[in-house]
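S.K.: Show me how the following folds:
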Amino acid sequence: MDSIHKTAGPALLLAGPGTGKTYTLGLRLKYLIEEMEVPPNSITVITFTAEAAKNMRTRVSDSEKKALFLPYKKQPSNILTMHSLGFKIIRSYPERVSLKDTIKTIPDDSEKSILLGDAAQLSGYERALGQEVASCRQFGDCKPTDDPKCQVCEKYKQILRKCSSLDYDEQILLAVELLEKYPEIQSEYQQYTKHLLVDEYQDINMAQYKLIRLLSENQEDGLFVVGDDDQSIYSWRGGSPKFIREFANDFGNNSKVIPLNKSYRCHSNILESSLRVVELYDSDRLEKKPFEYEVEDGPKIKVHNAPSDKKEARIARIIVQSALPSQDVLILVPQRSFAESVASELRSNQIGFTTRASIPGTGLPLISRLNDWLNNPSDDVAFRRCLESFMQRIDSPVPSGRVRKAEKIQEREEAFSQIASLWEKVLTDEVDSLWSSLEKVHEGHGLYTPLWDDFNLLLKEYREKGDIREFSKSLATTLSPWRDVKSFLSEVTAWVDSIRHSGSEGMDSSVRIMTFQGAKGLEAKVVCVLGLEEGIIPREGSDLSEQSRLLFVSMTRAINELHLFHARLRSSQVLKRNAFSDGKPGVKLSRFLTAIADDHSEKVYHKA
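M.R.: The predicted structure is shown next:
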């Protein structure tokens, strides 16, 4: 590793788990600035997550670790995520992509889904087509045609432009569009990327690949990327191991692919077993040299055969208790429903934990979006989110989304089409907001009139700073944020718990519960991986090679101990399906576990 960071680009470090890729990127940065005297502002470091960017800045700012330390004035200003870089480019030239100076981002996928459904209906198609467009956009490989999906996509972009808004994908897509259409903008931003360092290269999609190519064009000798095709797990958003596997072809004869083959994290039992899984189930993976180990020997992997998910949680809790306080613990689950029993077990035994959980419930975020609209009735995206809630509320005049009769489905589609049509006056500049559009058409209309009456009342009560009891009653009537008292209390409790269990006073934050995908980039002395059964991992109908890589990533979070769990019986509530097939338990040992050799593992059978 002593000289790898000095390699001229285009260079790819093929970096297995725990092989020091972040450290090597830091060495590269220090070498360029202090030895090669490269101006810091001509260097850009792209990370996959904001957390990784923060970690890199922390490392180069730590004066006690001289190997990577850079004085503040020598640190590049551009250590950021790919999406942050895309947004930075767009923000510099908003008018070139029909945006205003004040650019808003769509806060979540639910609002994106709503707007795509509107775009589908405005284009003459059913709302469901919008979801196909959402999947298409995530891949970042847009090739406009006369296909209905492209028509919907164009209408969706028109809506976003009128709202001066971007969704998550567009932060890359529009940046690429600017660099492709305007050579002077490409030239400007290439001044900041004469040396372009890219982390987690295996996770990029086609749009991100194009952005990297545009920024490094004719200065590829400054391109230095790190990644590992065995850790590519984001196909659902267009991520693909092909970008790692085709790097040498993409960047020509001067490109170098350099393996990092010494593991500083995992010992041989963990890494050799993990490698065996991907070797068996991912035939296209790049060949790797045998690994060397900082710590060669370690405990065998324990494969726990639990009688049920409840017992699985109890066993995991016992392992946690035996590890604390000297070792941290990472508990990995395939889906959030699998975390409930282990979280309950930890809570009842007064063991604190953190989790990178999704936002608990939808009621409070909905009220927050209502507040955005009340403060600014021209916030069309926030208002459209509130309209959606009106349409879905308990006593809605619109048939439920659960209806199965064809005439009811059609009635529902037509009602949503009426909501979508409110955009027409906005798109033609006849009015300046969705609220103004509703104001023009609300009188004497079966759907628009109650919409206008209810939201106008909320707006009036808010502006007049009226009685909170009356406002709360109007809010509950108009939006129905919760179906019943229990769901309201459950969400509030979940929010309080999410704060309480995030390392606050009196809680032990050395235990973390994460999904398999959410644990990417983390490590812990002790790792428990739950739910290793057929139909769960590998998931039914999924890409077997990617599922094997997902387990590889999960297993290689472990430093000392790795515990793998499968259950003989799992509740239907957790599985989200019938747990029995032909009267027999419908869960079977994952085929991936059979790939783990006995000399690296030991089986532990737990009685009922």
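S.K.: How about Glu443: what's its closest non-neighbour residue?
M.R.: Closest residue to Glu443 apart from its sequence neighbours, by Cβ to Cβ, 6 or more residues apart in numbering: Thr449 at 6.8 Å. Any C-beta I mention is one placed from the backbone N, CA and C, and that applies to glycine too.
S.K.: Need phi/psi at Tyr281.
M.R.: Main-chain torsions, Tyr281, degrees, to the nearest 10: phi -120, psi 0.
S.K.: I'd like to know how many residues surround it.
M.R.: Residues lying near Tyr281 (other Cβ atoms under 10 Å) number 21.
S.K.: likewise Tyr31?
M.R.: Number of residues near Tyr31 (other Cβ under 10 Å) recorded here: 14.
S.K.: my guess is it meets His5, correct?
M.R.: Yes - here Tyr31 reaches His5: they are 5.5 Å apart, a contact under Cβ atoms under 8 Å.
S.K.: so how many other residues sit close to the nearest residue to Phe69 once chain neighbours are set aside?
M.R.: Spatial nearest neighbour of Phe69, excluding adjacent residues (Cβ to Cβ, 6+ apart): Ser63 at 5.3 Å. For Ser63, the neighbour count with other Cβ under 10 Å is 8.
S.K.: Kindly state the pLDDT recorded for Ser63?
M.R.: Note for Ser63: predicted pLDDT of 89.
S.K.: Hmm, it is touching Leu70, no?
M.R.: No - contact criterion Cβ under 8 Å: Ser63 and Leu70 do not qualify, at 9.6 Å.
S.K.: Could you name every residue contacting both of these two?
M.R.: Between them, Ser63 and Leu70 share no contacting residue under Cβ atoms under 8 Å, 6 or more residues apart in numbering.
S.K.: Quick check: which ranges of this protein have low pLDDT?
M.R.: Along the chain, segments meeting pLDDT under 70 span 1-2, 356-360, 498-509, 572-586.
S.K.: Work out which residue lies at the spatial centre of it.
M.R.: Residue closest to the mean C-alpha point of the chain, counted by Cα atoms, centre = their mean, is Gly518 at 7.7 Å.
S.K.: any idea how far Lys73 is from that residue?
M.R.: As judged by Cβ to Cβ, to the nearest Å, Gly518 and Lys73 stand 36 Å apart.
S.K.: any idea which element the residue nearest to Glu443 lies in?
M.R.: Per DSSP states H and E: Thr449 is located in helix 448-463.
S.K.: Can you name the next helix or strand after that helix?
M.R.: helix 468-479.
S.K.: Give the buried residues for that following helix.
M.R.: By neighbour count with 16 or more other Cβ atoms under 10 Å, helix 468-479 contains the buried residues Phe471, Ser474, Leu475, Thr478, Leu479.
S.K.: burial count for the closest residue in space to the last one that isn't next to it in sequence?
M.R.: Nearest non-adjacent residue to Leu479, counting by Cβ to Cβ, 6+ apart: Ser389, 4.5 Å away. Burial of Ser389, expressed as a neighbour count using other Cβ under 10 Å, amounts to 19.
S.K.: Ser389: which element?
M.R.: Using DSSP H and E, Ser389 falls within helix 380-392.
S.K.: which among the buried residues of helix 468-479 gets closest to Arg314?
M.R.: Leu479 (40.4 Å; Cβ to Cβ).
S.K.: Please look at the closest one and Leu387 and confirm they touch.
M.R.: No - if you go by Cβ under 8 Å, Leu479 and Leu387 don't touch, sitting 9.8 Å apart.
S.K.: Just to be sure, Leu562 is in a helix?
M.R.: No - Leu562 is assigned strand when assessed by DSSP: H, G, I helix; E, B strand; the rest coil, not a helix.
S.K.: For the closest residue to it other than its chain neighbours, give me its contacts.
M.R.: Excluding the flanking residues, the one nearest Leu562 by Cβ to Cβ, 6+ apart is Ile301, at 4.7 Å. Counting by Cβ under 8 Å, 6+ apart, Ile301 touches Asn269, Ile270, Ser273, Met555, Leu562, His563, Leu564, Ile596, His600, Ser601, Glu602.
S.K.: rerun that using 6 Å as the cut-off
M.R.: The contact partners of Ile301, taken as Cβ atoms under 6 Å, 6 or more residues apart in numbering, are Asn269, Ser273, Leu562, His600, Ser601.
S.K.: May I have the phi/psi pair for it?
M.R.: In terms of degrees, to the nearest 10, the main-chain angles of Ile301 are phi -70, psi 140.
S.K.: for the one 3 residues further on, same thing?
M.R.: With angles defined as degrees, to the nearest 10, His304 shows backbone torsions of phi -90, psi 120.
S.K.: The residue nearest to Glu443 contacts Val441, correct?
M.R.: No - look at Thr449 against Val441 with Cβ atoms under 6 Å: they stay out of range, at 9.5 Å.
S.K.: Stretch 429-448 spans what distance, first to last residue?
M.R.: Using Cα to Cα, to the nearest Å, the end-to-end distance of stretch 429-448 comes out at 20 Å.
S.K.: What lies in contact with it?
M.R.: By Cβ under 6 Å, 6+ apart, stretch 429-448 touches Pro377, Ser378, Asp380, Phe383, Gln418, Leu422, Lys425, Val426, Thr449, Trp452.
S.K.: what number of residues lie near the closest residue to the second one other than its chain neighbours?
M.R.: Nearest residue to Ser378 in three dimensions, chain neighbours excluded: Ser433, at 4.4 Å (Cβ to Cβ, 6+ apart). By the criterion of other Cβ under 10 Å, Ser433 has 20 neighbours.
S.K.: cool, and Asp484?
M.R.: Asp484 sits with 9 neighbouring residues when counted by other Cβ under 10 Å.
S.K.: which parts of stretch 381-399 are buried?
M.R.: Quick answer for stretch 381-399 (16+ other Cβ under 10 Å): 381-391, 393, 398-399.
S.K.: thought Asp379 was touching Trp373?
M.R.: Yes - using Cβ under 6 Å, Asp379 is in contact with Trp373, at 5.2 Å.
S.K.: And the two? Which one has more around it.
M.R.: Set Asp379 next to Trp373 and count neighbours by other Cβ under 10 Å: Trp373 wins out with 25 against 21.
S.K.: which residues touch the more buried one?
M.R.: Counting by Cβ under 6 Å, 6+ apart, the residues that Trp373 touches are Asp379, Ala382, Phe383, Cys386.
S.K.: need the contact list for the first one.
M.R.: Asp379 makes contacts with Asp372, Trp373, as judged by Cβ under 6 Å, 6+ apart.
S.K.: One more: the last one?
M.R.: The contact partners of Cys386, by Cβ under 6 Å, 6+ apart, come to Leu370, Trp373.
S.K.: go on, the second one?
M.R.: With contacts defined as Cβ under 6 Å, 6+ apart, Ala382 is in contact with Arg369, Asp372, Trp373.
S.K.: That one and Val426, how far apart?
M.R.: From Ala382 across to Val426, the span is 14 Å (Cβ to Cβ).
S.K.: Please tell me how far the residue nearest to Leu479 sits from Ser433.
M.R.: Counting by Cβ to Cβ, the gap from Ser389 to Ser433 is 18 Å.
S.K.: And Cys163, by the same measure?
M.R.: Separation of Cys163 from Ser433 (Cβ to Cβ): 9 Å.
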